[in-house]
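Asker: With the input below, show me the fold.
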Amino acid sequence: KMASALIVSQENGTIKKNERVVIDLHFQPLKPVKLQSILEVAIVSGPTYKFDVSGIAMHPQIELKPSTINFDSVLVTNHPVTITRELQIINYDKQILTIECELPNTDFLDVKLPPGLSVMPYDNDDSRIAKIPIVLNLRNLGRFNHTANFIINGNHVVKCDIKGEGVPLSVELENPQDID
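Answerer: Next up, the predicted model:
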């Protein structure tokens, strides 16, 4: 498991006398993990160098508000009305986070997330809260429930459910006996 999270740029090779080679280590786990290991670099017919390698990976500290967008009952008419709700994304990490969105392809729902959006760490400054419009333009009757997947830094997924129901326009007289 750890071998796939720790990537060594060059695991073996030949170096001529008095030359240098840079070896990069990339720690890219897919889930929270603590790395504590020893990396050995062995020189053929020479010394072996040992390096302590440690790191901690954790999920991004991010919050979606609200975690569910509920459009409730929406009147479906011949001239659909656009309804917009706001999703707030708050970054409680100390690093800038990039966010992408995956949403099932529909003709009535859109997440207006700019490509490659970067969200700055929140420091009690509301201007650092990303405000994402969720736009509904419903044309059909019935319930809908979709999940928007927000991909953080290219590998962590935070889900937001988006739901509601298209209902027909129904008009009833309060006193039907007064029709005449």
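Asker: and stretch 17-29, how far apart are its ends?
Answerer: 35 Å (C-alpha to C-alpha, to the nearest Å).
Asker: now that stretch: how far from the chain's centre is it?
Answerer: Distance of stretch 17-29 from the chain centroid (C-alpha atoms, centre = their mean, to the nearest Å) equals 31 Å.
Asker: Pull out the buried positions in it.
Answerer: The neighbour-count check on stretch 17-29 (16 or more other C-beta atoms under 10 Å) flags Pro29 as buried. Glycine gets a C-beta too; all of them are placed from N, C-alpha and C.
Asker: hmm, who's touching it?
Answerer: If you take C-beta atoms under 8 Å, 6 or more residues apart in numbering as the criterion, stretch 17-29 is touched by 5-10, 13, 15, 35, 39, 41, 53, 55, 57, 155.
Asker: element containing the closest residue to Asn70 other than its chain neighbours?
Answerer: Leaving aside its chain neighbours, Asn70 sits nearest to Lys163 (5.7 Å; criterion: C-beta to C-beta, 6 or more residues apart in numbering). Using DSSP states H and E, Lys163 maps to strand 156-168.
Asker: likewise Val41?
Answerer: Val41 belongs to strand 33-42 when assigned by DSSP H and E.
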